[in-house]
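Q: pasted the sequence and its predicted model underneath.
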Amino acid sequence: MAFIDYYKILGIAKSASAADIKKAYRKLARKYHPDLNPSDKEAERKFKEINEANEVLSNPENRKKYDAHGKDWQHAAEFQKANQQQRQYQGGGQQSPFGDFGGGDYSDFFESMFGGRASSRGRTGGGVKFRGQDLNAELHLNLRDVYKTDKRTLTINGKNIRLTIPAGVKNGQVIKIKGHGGEGVNGGPKGDLNITFSIENNTKFKLDGDNLHTTVDLDFYKAILGGEITIDTFDGKVKLKIAPETQNGTKVKLKGKGFPVYKKEGSYGDLYITYQIKMPKNLTEKEKQLFTELAKLRPS
Amino acid sequence: MSKENFIPIHKLCKLYQVEMSFFSNLNEIGLIQITTIEQSHYVHQDKINDIEKIIRIHRDLDLNIEGIDIVFNLLQKIDDLENEMITMKNRLRFYEN
């Protein structure tokens, strides 16, 4: 447990007035407030530090104790007795009404010195119900995992949560599961669980919105004369007719053979196939002779 | 109109220790929508998250209602931009792979 320099955290001198402290706190709070920096863990950590510093320095009694014994925190136990008396006077049982970034989660240093929350703001009331904190989690999946709606059991904070993953969910998309977040305060409702999907594509298909794209090798002779090929789509093989004289790079669209549209059951994007014509190699003398004859028929 | 899913404002005033005028001002500026049912005022429960955020910002940052409105609009813009960025990143992956 290390000494925490609350003056340094707020960027003020030891001689700072109450107004200076308030001003410094407000300035930093505006910068790092978690509501203004959603999903920014570093801002949340800084805000907790700033909040803790403000809790101590904005309360004249706590500031006096901190100034007198702060660095000598190992003797903080001496304050416990006085602190208990103070809490009895305050009515005790104070807790942040708005999740934990307003107050709880104090440093060990603070806990040892002031014995937990010693709010000077007095914004809470006993027995008031408040909603629990929202929790965030990340779920890593492969593209194939989200081709069909799937049910999974996730273990989050030691609890099993049965989750339906809708087909077509996108990389980076966040799904909110109501009531699976942190416990409410004083019997208030639970917060929500926000799951961010991280989806890796290790298939030969490229995903663009709900459409899939792929490249298919096409035999030179089939490209010239036409024919039939079998290709892989995301959900199986399909036969395709190749038109005679198909050019290299020709794109064809297979309607409804793309990726499922999120939360639109039975609706799919399209599959775009680009033909890459493979030229014959290692020609025999006979083949060379025939190609020469063919070339003569089409003088450039 | 059914009161189901609605929370009476007087209860919220008590819970969050704010004046009724606070909610009226939020309603006027369009941050919440107050619904009147049988001469009592209510807000929809889905707005509770926003209301708690508004009160936190109001108290922690000492912002007035107009300031909170600006913050909410900017946060909405950030949210839209983040979603756009996710879509763009996914499209970029299409060209990179």
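A: Noted; the coordinates are in hand. Numbers count the residues shown, from 1 in each chain, chains lettered A, B, ... in the order given.
Q: got the residues of the stretch 151-300 of chain A near chain B?
A: Where the stretch 151-300 of chain A comes near chain B, counting by CB under 8 Å from any CB of the partner chain, the residues are A:Lys170, A:Asn171, A:Gly172, A:Gln173, A:Asn201, A:Lys206, A:Leu207, A:Asp208, A:Gly209, A:His213. (Each C-beta comes from the backbone N, C-alpha and C, glycine too.)
Q: need the max-distance pair from the residues you listed.
A: Between any two of these, the greatest separation by CB to CB is 20.3 Å, found for A:Gln173 and A:His213.
Q: list the contacts for the residue of chain A found nearest chain B?
A: Nearest residue of chain A to chain B, counting by CB to the nearest CB: A:Gly172, 3.6 Å away. Applying CB atoms under 8 Å, 6 or more residues apart in numbering or on different chains, we find A:Gly172 in contact with A:Thr196, A:Phe197, A:Ser198, B:Ile86, B:Lys89, B:Asn90.
Q: which one of these is nearest A:Pro260?
A: Closest approach to A:Pro260 among those (CB to CB): A:Phe197, at 14.2 Å.
Q: residue contacts, the closest one?
A: A:Phe197 sits next to A:Glu138, A:Leu139, A:Leu141, A:Val146, A:Ile165, A:Val169, A:Lys170, A:Asn171, A:Gly172, A:Gln173, A:Val174, A:Ile175 when contact means CB under 8 Å, 6+ apart.
Q: grab the nearest non-local neighbour of the third one.
A: When the adjacent residues along the chain are set aside, A:Leu141 lies closest to A:Ile199, with 5.3 Å between them (CB to CB, 6 or more residues apart in numbering or on different chains).
Q: how about the fourth one?
A: Excluding its sequence neighbours, the residue lying closest to A:Val146 (CB to CB, 6+ apart) is A:Val169, at 5.0 Å.
Q: what does the pLDDT read for residue 79?
A: No chain was given, so I picked chain A. A:Phe79 is assigned 51 on the pLDDT scale.
Q: hm, I was asking about chain B
A: 86.
Q: then A:Ala68?
A: 83.
Q: tell me how many other residues crowd residue 24.
A: In the absence of a named chain, this looks at chain A. Residues contacting A:Ala24 under the criterion other CB atoms under 10 Å in any protein chain shown number 20.
Q: you answered for a different chain; I wanted chain B.
A: By other CB under 10 Å, the residues close to B:Ser24 number 14.
Q: element containing it?
A: Using DSSP states H and E, B:Ser24 sits within helix B:20-29.
Q: next one: A:Pro280
A: Using DSSP H and E, A:Pro280 falls outside every helix and strand.
Q: and the buried ones among the contacts of A:Phe197, selectable in ChimeraX?
A: Of the contacts of A:Phe197, the buried ones can be selected in ChimeraX as follows, counting by 16 or more other CB atoms under 10 Å in any protein chain shown:
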select /A:139,141,146,165,169,170,171,172,173
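Q: quick check: longest helix of the chain.
A: Since you didn't name a chain, this refers to chain A. Determined from DSSP state H, the single longest helix within chain A is helix A:41-57.
Q: the intended chain is chain B.
A: Longest helix in chain B, counting by DSSP H: helix B:65-96.
Q: now A:Asn157: how far from A:Leu297?
A: Counting by CB to CB, to the nearest Å, the gap from A:Asn157 to A:Leu297 is 75 Å.
Q: more crowded one of the two?
A: More crowded of A:Asn157 and A:Leu297, by other CB under 10 Å: A:Asn157, with 11 against 6.
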